[in-house]
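1. compute the structure for the input listed below.
(chains A and B)
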Amino acid sequence: MLKNLAGLWRHRALAHVLVARELKARYRGSVLGFFWSLLNPLLMLAVYAIVFAVIFTGRGPATSPYAIFLFSGLLPWTWLSSSLTDAAASLTTHGALLRKILFPAEVLPLVSVLAQGVHFVLALPVLLAGLVLGALGVFGPSIPLGWPLVQAVPLFVLEGIFVAGVGLLLAALTVHFRDVKDLLATVLSLWFFATPVLYTLSDIRQERVRALLLLNPAAPFFDGWHEALFYARWIEPSRWGLLVAIAVVSFFLGYALFDRLRDSYPEAV
Amino acid sequence: MTPAAPAVAAEALSKSYRKWGRTRAFGTLKSALLGRSLAAALAPSEVVAALSDVSFTVARGETFGVVGPNGGGKSTLLKLVAGLFKPTSGRIAVDGKVSALIELGAGFHPEISGRENVVINGVMLGLTRKEIERKLPEIVAFSGLEDFIDEPVKTYSSGMYVRLGFAVAVHVDPDILVVDEVLAVGDEAFAHRCLDTIAEFSRRGKTIFFVSHSLVLVEELCDRVLYLQAGRIRALGDPRETLAKYRLDVAAGEGTRLATEHRKNEEILLRTAPDSGEAALRAGETSVQREKALFLEGVRGREAPGAASAVERASLHSPFEEKAPLPETSRRQETELPSEKPLEQKISPRRWGNRDVSITGCRLLDASGAERYAFRSGESLTVEIAVEPRFSIDDFVFGIGIFTPDDVCVHGSNTETDGFLPGRLDGPATVRVTLPRLDLGTGTYLLDVAVHSRRETPYDYWRGACRFQVDSPDRDAGLYRPERRWEFAGAVSVSAR
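-> Numbers count the residues shown, from 1 in each chain, chains lettered A, B, ... in the order given. Coordinates of the predicted model:
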């Protein structure tokens, strides 16, 4: 397994061209092209800003202005959910490739995560603009802005590793049980509500529910995103340790299963 | 990597596939979710062996052919060589970089340009980005798609697609080139370029693994040939011998099919009972008219050669229509028989005649006396006809005619033309005629058998009574395959292939 993992590095050129292909193919034929990666989140921000300023008002001061709070968790969540959806289908949709060309199959789910990661990164300027506007008090009470924002970089890397692990697991399972793909949409929406994207864990009054939600391995990441972006606070080292542990364990579990079933893909897809 | 090491070495190589039932797959999901060992859950429920106990080595620089019927295991073997599949048991060692021309253009993304796809495909096949950028102009030139290279691949025709795929695959500069039926696609010019490229690879000492259904090509290109049948090695070695064995097996299989067909055919013909009466006569009236016209035309054509027509040609050469016109008095019946399928042949099995003498059976025998419907060119063929007269008769001629499916008469003869005078026919009898050397070219042939009077009154005429296959070992053309002797004199030199 470790040998395969090392071999993966040699295939970074392949991952690179495939990510480029995904991105190019995505916007081929649309007038605005790559600009959509920027425009989509911008429009989304506008919608949330309007909805939560006009319709759903009256939230607690902890998450206000809510549009910015929501946005700082929603973008990383979109990355997670779209990556997993793509990764789960990656082996089956590229079945022709797997059957015809010899290359490490794990490149495919990883490319899904990376390509979606590029969209996420392209959306970050919009998020940053939102934070700046939030700090200026455009959306209501002004929010702090400062150096803790740089924590977005390690958070991005760790979430990427975590999502890659889950993606590898899903991709491997989908080859053998196509049902996973259908089940995934529902599971992802359940997961969304179980993850502190729309709320913070401190909002949860019942201890038992909070304890249950803490079992969610994605929760610390979104806690982290809120801390770093919305509250502009430094994340405690022990929290970082937890994030690293979750990311590494997820990746190795996913990779181990993927590696174990490796030989079955060209035949089963 | 010692120079003596074979490029490919397979040892007792076996590959089986798992078959999954629907309920079974559900069961595995359940047990996988319940935490039972996933490996145990994924154990095969039913196993189909695609390749069993295959051992061979391919030397460096050798062009190695693989032939065999569909499902013989060729594709599985290729995928094992390419490293895509892992053997179920046994070992395969491949020394060198493999480039597989299995499905050209696999992995092209329809939405992006040909150029970008070439880069991606090249990287997938193991080139670095720099290498592929350097080779790009060469690849584009080879594909001949300069004008379209920046268009999205979805706008390409299938031929263009394959050309681009081939161009990339050969520029990967592999040590072992795996070629699977690529020559079947693309136009003539492209096929030539493919062959040239393959030949050039061979000259440069590369190993080529060549899979094709074109036996001619395999024989021409390959140093050695592996013949796979039902996943096992049926033959391995010299191309001529191996391919001869394959051709023989194909012919035998074809023979079995033809024998079955013959029995069905015979059943139909025999069901046309000798005295099926006036109704049958009326039903077949149009055919009767046509047949009569054919006879008369034929005879007239003989007398007045100027009035030749396509119809006459067949009847003219038919051995049974030599003499007088058909006596109107003869009691004729004819039945158009339903052909099993809309045959590619124009001749459908038909039978007519007054049945004073009936043909009760007809089959083909080989030199050993075994019934067979597939022959090699030059073999002996015996036609056996069983006859039974309605009453004791002393005016009879037995005849045979061999036709191509498009009704060209290849041969026709009868006891009359071959110098026999009828004695007596008192009861059931068997007539055999042997052609000691069947010097026919490759193809399907139809046999007519007939008994008629010396004045051509048909007693029983079976059109297309047997259908048989002939296979020529050479690449000669035409229906007739005579023995040849070449001589060369003067400033010319040749050598045996």
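2. which parts of the host helix or strand of B:Arg263 are buried?
-> In this assignment (DSSP states H and E), B:Arg263 forms part of helix B:239-271. Residues of helix B:239-271 classed as buried: B:239, B:242-247, B:249, B:251, B:254-255, B:258-259, B:261-262, B:265-266, B:268-269 (neighbour count, 16 or more other CB atoms under 10 Å in any protein chain shown). Bear in mind the C-beta positions are built from the backbone N, C-alpha and C, glycine included.
3. name the element the most centrally placed residue in chain A belongs to?
-> Ranked by distance to the mean C-alpha position of chain A (CA atoms, centre = their mean), the top residue is A:Leu80 at 2.4 Å. Following DSSP H and E, one finds A:Leu80 within helix A:66-93.
4. show me what that helix is packed up against.
-> The contact analysis (3 or more CB pairs under 8 Å, 6 or more residues apart in numbering or on different chains; DSSP states H and E) places helix A:66-93 against helix A:35-50, helix A:107-135, helix A:152-176, helix A:179-194, helix A:219-225.
5. could you export those as CSV, including mean neighbour count and distance to chain B?
-> Formatted as CSV, those follow (neighbours: other CB atoms under 10 Å in any protein chain shown; distance: least, CB to the nearest CB, whole Å):
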stretch, mean neighbour count, distance to chain B
helix A:35-50, 17, 15
helix A:107-135, 21, 9
helix A:152-176, 23, 7
helix A:179-194, 14, 7
helix A:219-225, 23, 23
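6. tabulate those helices (a markdown table), appending mean pLDDT.
-> Output for the helices and strands packed on helix A:66-93, formatted as a markdown table (pLDDT from 0 to 100):
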| stretch | mean pLDDT |
| --- | --- |
| helix A:35-50 | 80 |
| helix A:107-135 | 90 |
| helix A:152-176 | 94 |
| helix A:179-194 | 90 |
| helix A:219-225 | 93 |
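7. can you put those helices in CSV and add distance to B:Ala477?
-> CSV is the format used below for the helices and strands packed on helix A:66-93 (distance: least, CB to CB, whole Å):
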stretch, distance to B:Ala477
helix A:35-50, 62
helix A:107-135, 51
helix A:152-176, 51
helix A:179-194, 56
helix A:219-225, 74
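8. where do the helices sit along the stretch 51-200 of chain B?
-> Assigned by DSSP state H, counting those that start in this stretch, the stretch 51-200 of chain B shows helices spanning B:74-81, B:114-124, B:129-143, B:158-171, B:188-203.
9. just say helix, strand or coil for the residue nearest to B:Thr360 when sequence neighbours are not counted.
-> Distances taken as CB to CB, 6 or more residues apart in numbering or on different chains place B:Ala386 nearest to B:Thr360, at 4.6 Å, with adjacent residues excluded. Per DSSP: H, G, I helix; E, B strand; the rest coil, the secondary structure class of B:Ala386 is strand.
10. count the neighbours of B:Ala386 for me.
-> 14 (other CB atoms under 10 Å in any protein chain shown).
11. what's the pLDDT at it?
-> B:Ala386 is assigned 92 on the pLDDT scale.
12. which residues does it bridge with?
-> According to DSSP bridges, the partner residues bridging B:Ala386 are B:Gly361, B:Thr430.
13. quick one: residues contacting it.
-> By CB atoms under 8 Å, 6 or more residues apart in numbering or on different chains, the contact list for B:Ala386 reads B:359-362, B:428-431.
14. how about B:Phe64?
-> Counting by CB under 8 Å, 6+ apart, B:Phe64 touches B:8, B:58, B:207-210, B:222-226.
15. quick revisit: so after the helix holding A:Leu80, what's the next helix or strand?
-> Toward the C-terminus, helix A:66-93 is succeeded by helix A:95-100 as the next helix or strand (DSSP H and E).
16. buried set for that following helix?
-> For helix A:95-100, by 16+ other CB under 10 Å, it's A:97-100.
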